[in-house]
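Engineer: Give me a model of this one.
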Amino acid sequence: MDKYRAGESSVQSAASSVKPNEMQLTDEHPTFSNLNARSTLPTDGDRSAAIEFVLSPTAQPLLETLTQEPLDDRRILALVSRLRRSHPAAIAAELVTQAQLRQRAAKKFRDAGRMFFTAEALEQATAQQPAEHRAAQLDEAAAPGIFLDLGCGIGGDLLALARRRPGVAYERDPQRARRAQANAAALDLAERVTVVQADWTVALAKGALPQAAAAFVDPSRRSEGRRAFSLWAMQPSIGEILKLCRRISLVAIKVMPGVQAAEIPADCCVEFVGHDGVCKEAVLWFGRPRAPKRWASVHCAEGWLQIADEGLPPPVGELAPGMVLYEPDGAVIRAGALGTLCARLNGCLVAPDVAYIAAPRFVKEPLAQAFFIEEVHRFSLKVLNRRLAALGIGQVELLKRGFPQAPELLRSRLRLVAGGRAGAVLFMRRGDEHWMAIGRRLSDRCGERIDG
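Structural biologist: As a prediction, the model looks like this:
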């Protein structure tokens, strides 16, 4: 821990350098924690005071109880009515909303039952496992010193960073900044974190941004409710963020998983992050000269696995009955690591622009799910129904790559065998033709064999 002692002391000096008009959130921020709850409940219209009450220690026992209750639409009205017998309407609404968000957040955060959220911020927050993965990389690569979390939201990444080193976080939205501070306090990390409610780009322009060993930047990728698909449409844009990269030697920038290759700056490397079977995000890394130029990090049962684009062009070949068809994780595809994966599987792509890999035999591969192929046909609904019946398939998975129609739209038109076995149909485009491969699943998304 000697490596970080200088960083711990610099958190306080960094906090003291913040300009007075940039509100700094500390434990002195007004709450109801030291007040008698019954005599200080806010009026119905005072939503800000209601939020502070819900964030206070006084409200936590009730909030924990509510989080354990079923909060579906049928019960909400009765629950709110019950709460309003002893609490103002604003508090009743905030308590129920926060309990619902905690239930929803349990999929992302192990400590969701102690945390605080807004609906939009929860949707945008990094899940705990990817946040911890990134914090570990930053900690390993950075020189001694504190971290900066720029655009911290409700603190999903901030909490993971703070477990590694102390740091300073910036967030423009006052409600998100307040919840980030409350979440750090709830998880006993308040002394390692300073949350500043301000625009970090303004602080950077004024020369007021604290000195740090590394920075994590999470720009907004939405504008007026619409997703941004360009690095230049983010807020702040990549142009603003590059100014930061000239001041801090190690910077990680969370961007959209579909980032356009032409927009990626030449002096960075790119990590594509796969979690829960989905490519969740890409990360632009500045200041990691020993990292691959492009790679995928995928969370599996074994932990985090990496595979890099090694510049190997993936071979293209045929798909025939008796072969195994692999569907790689989306992060592997985005990273351009299909050639590397083909070499590991002794396989080939079924078409140059379709990310299915055909291989002669099954090999456990955590970065892809696998299917044994029994039949291959040009697409025809009539032929498909005839073969499903002949193979005795009564329940079927439908997947596609390069196929023009959503397979689920075909499900109601399939003639499955009552009580029949499980099967799978993988639709694909090969050249100008549409094909279908019929078979059964061999392994899940973590490569674990299904059929023994």
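Engineer: what about the strands in the stretch 201-350 of the chain?
Structural biologist: Here the stretch 201-350 of the chain has its strands, by DSSP state E, counting those that start in this stretch, at 214-217, 222-223, 226-227, 251-255, 269-275, 278-286, 294-300, 303-308, 324-328, 348-351.
Engineer: among the ones you listed, which is nearest residue 201?
Structural biologist: Among the strands of the stretch 201-350 of the chain, the nearest to residue 201 by C-beta to C-beta is strand 214-217 (10.1 Å). In this view, the C-beta of every residue, glycine as well, is placed from N, C-alpha and C.
Engineer: Show me what the closest one is packed up against.
Structural biologist: Strand 214-217 is packed against helix 128-141, strand 147-150, helix 238-245, strand 251-255, with contacts defined by 3 or more C-beta pairs under 8 Å, 6 or more residues apart in numbering; DSSP states H and E.
Engineer: got the buried residues for it?
Structural biologist: Using 16 or more other C-beta atoms under 10 Å as the burial criterion, the residues of strand 214-217 that qualify are 214-217.
Engineer: Ok, stretch 336-350 next?
Structural biologist: Neighbour-count burial for stretch 336-350 flags 336-338, 340-342, 345, 347-350 (criterion: 16+ other C-beta under 10 Å).
Engineer: before we move on, what about stretch 108-120?
Structural biologist: 108-109, 112-118.
Engineer: Same question for stretch 166-176.
Structural biologist: The neighbour-count check on stretch 166-176 (16+ other C-beta under 10 Å) flags 166-173, 175-176 as buried.
Engineer: how far out from the middle of the chain is it?
Structural biologist: Offset of stretch 166-176 from its chain centre (C-alpha atoms, centre = their mean, to the nearest Å): 19 Å.
Engineer: re the thing from before, do you know which of the helices and strands packed on strand 214-217 lies nearest residue 384?
Structural biologist: That would be helix 128-141 among the helices and strands packed on strand 214-217, by C-beta to C-beta, at 38.0 Å.
Engineer: what about that closest one, distance to the chain center?
Structural biologist: With C-alpha atoms, centre = their mean as the basis, helix 128-141 stands 13 Å off its chain's centre.
Engineer: which residues are contacting it?
Structural biologist: Contact with helix 128-141 is made by 108-110, 126, 147, 156-157, 159-161, 163-165, 214, 216, 250, 252, 273, 275, 280-281, 283, 287-288, 297, 299, 304, as judged by C-beta atoms under 8 Å, 6 or more residues apart in numbering.
Engineer: Could you list the buried residues of it?
Structural biologist: Neighbour-count burial for helix 128-141 flags 128-135, 137-139, 141 (criterion: 16+ other C-beta under 10 Å).
Engineer: quick one: average pLDDT of it?
Structural biologist: When pLDDT is averaged along helix 128-141, the result is 97.
Engineer: Please name the residues that touch the residue lying closest to residue 124 once chain neighbours are set aside.
Structural biologist: Leaving aside its sequence neighbours, residue 124 sits nearest to residue 153 (C-beta to C-beta, 6 or more residues apart in numbering; 6.2 Å). Remark: with contacts taken as C-beta under 8 Å, 6+ apart, residue 153 is in contact with 121, 124-125, 171, 173, 176, 180, 218.
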